Structures are given as C-alpha cells and as structure tokens.
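[1] Could you work out the structure for the sequence below:
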Amino acid sequence: MFAKAKSVTVLVAVFLTTAALPTPASGSEWGCEVLLCASSSNPSWRGVPACHPPVARLISAMKKPGFNWPTCPEGGTGSPGYERYAECPEGYQVRSRRDGDGFPRKGDLCIKTVNICQGNAHGLYNSDRQRRCIQSVSISRPLRSEPYFFDIKNDTSGKTERHWFGLHK
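    Prediction:
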C-alpha cells in the first residue's frame with residue numbers, strides 16, 4: 001500500500017512539475033496528464049489544481065463529434081473502461097428490463113427471488129400455493145459515482161490495479 005501511494009505521489013509530483021512549464025501538451029502528453037489525474041485517489045483529480053485544465057479539456061473534447069480518448073502509451077494503457085452500473089446488493093442478480101421499443105437495457109435491474117410465505121407454514125402446500133409464495137423482487141441497479149476506470153499494472157507487485165474515476169466536478 002505504501003509503495004502504491006509513494007509511486008502515485010512521485011507521478012503527481014513529476015506531473016505538477018511538468019504542468020508548470022509553458023509548453024503546450026501534445027496528444028500523448030495530454031493523455032498521460034489525464035491518466036495521472038484519473039489514477040489519483042487521495043486526493044482525487046478534483047483536489048489537484050494542476051489536474052483541472054487537462055480534465056476540463058477532456059470533458060470539452062468529449063462533447064465534440066469524432067472524439068478519441070487521449071492515450072498514454074508510456075503508461076501502458078489505452079482508453080479507459082466504462083461501467084455505468086455498480087454491483088447488485090448481496091442476494092440479487094443482474095437482469096435487464098425492456099425499454100419502450102421492447103429492447104433490453106443492459107443490466108439495469110437487480111432481482112432476487114423470495115418466498116413470501118416462509119414462516120407462515122401450516123402443513124403442506126399444494127404446488128399452486130407454493131408457486132404463489134415465490135415472487136421476484138426487483139430494484140433499479142445502482143449507478144456508479146465514478147464509472148470510468150483504468151487498469152494499471154503495478155511495477156512493484158506485477159499485479160494490475162483498477163483505478164476508478166468520474167468526470168463530474
């Protein structure tokens with residue numbers, strides 16, 4: 001944990017030093033700035049003033065047609081992943097409801113099956129009664145507050161670590 005915090009601190013320090021220079025960032029440099037800012041967790045990019053310009057530039061660029069995510073080849077990552085929904089609560093399974101045109105939405109529900117008669121048993125039930133006792137309960141699947149992620153390989157441990165981030169201010 002300490003090594004991870006130390007490497008992020010060193011990366012942020014290098015970034016802050018280079019961010020103070022007046023030269024405009026190339027696409028790759030901008031991609032590396034975005035990667036460094038997005039992977040900052042304590043504080044998040046919102047708490048690092050030097051991260052505000054590259055992230056604001058990113059948010060602006062995302063609104064334009066033909067947007068391509070700036071990448072950082074030196075960081076070993078491409079474009080980030082995106083997962084809109086968080087995990088379902090324990091005991092629930094991911095399912096999809098249908099939109100107005102009948103097409104399924106991708107994994108927007110959490111459903112679990114419950115026995116509403118459990119605890120009220122007085123003898124044996126016939127199969128119709130048992131079927132009425134089993135009901136599906138559904139809730140909307142929670143949205144992630146930070147839906148974007150980069151998978152970054154930790155050079156010390158060799159393991160890949162997922163860094164979640166959001167682009168809201």
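
[2] going forward, measure contacts between C-alpha atoms and count neighbours the same way
    Fine.

[3] What separation do you get for the spatially most central residue of the chain and residue 98?
    The residue lying closest to the centre of the chain (C-alpha atoms, centre = their mean) is residue 147, at 2.8 Å. Distance, residue 147 to residue 98, using C-alpha to C-alpha, to the nearest Å: 22 Å.

[4] and if you look at residue 156?
    Taking C-alpha to C-alpha, one finds residue 156 at 46 Å from residue 98.

[5] for residue 165, same thing?
    29 Å.

[6] who's more crowded, those two?
    residue 165 (22 against 11; other C-alpha atoms under 10 Å).

[7] What values do phi and psi take at that one?
    Backbone torsions of residue 165, given as degrees, to the nearest 10, read phi -150, psi 160.

[8] Surely it touches residue 36?
    No: using C-alpha atoms under 8 Å, residue 165 is not in contact with residue 36; the gap is 11.2 Å.

[9] and stretch 96-110, how far apart are its ends?
    8 Å.

[10] What's the mean pLDDT across that stretch?
    Averaged over stretch 96-110, pLDDT sits at 75.

[11] Which stretches in the protein count as helices?
    Assigned by DSSP state H, the helices in the chain fall at 2-19, 27-39, 52-62, 127-133.

[12] which residues touch residue 77?
    Contact partners of residue 77, counting by C-alpha atoms under 8 Å, 6 or more residues apart in numbering, are 71, 150-152.

[13] could the residues you listed be laid out in JSON lines, adding neighbour count?
    Shown next, in JSON lines, are those (neighbours: other C-alpha atoms under 10 Å):
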{"residue": "71", "neighbour count": "21"}
{"residue": "150", "neighbour count": "20"}
{"residue": "151", "neighbour count": "18"}
{"residue": "152", "neighbour count": "17"}
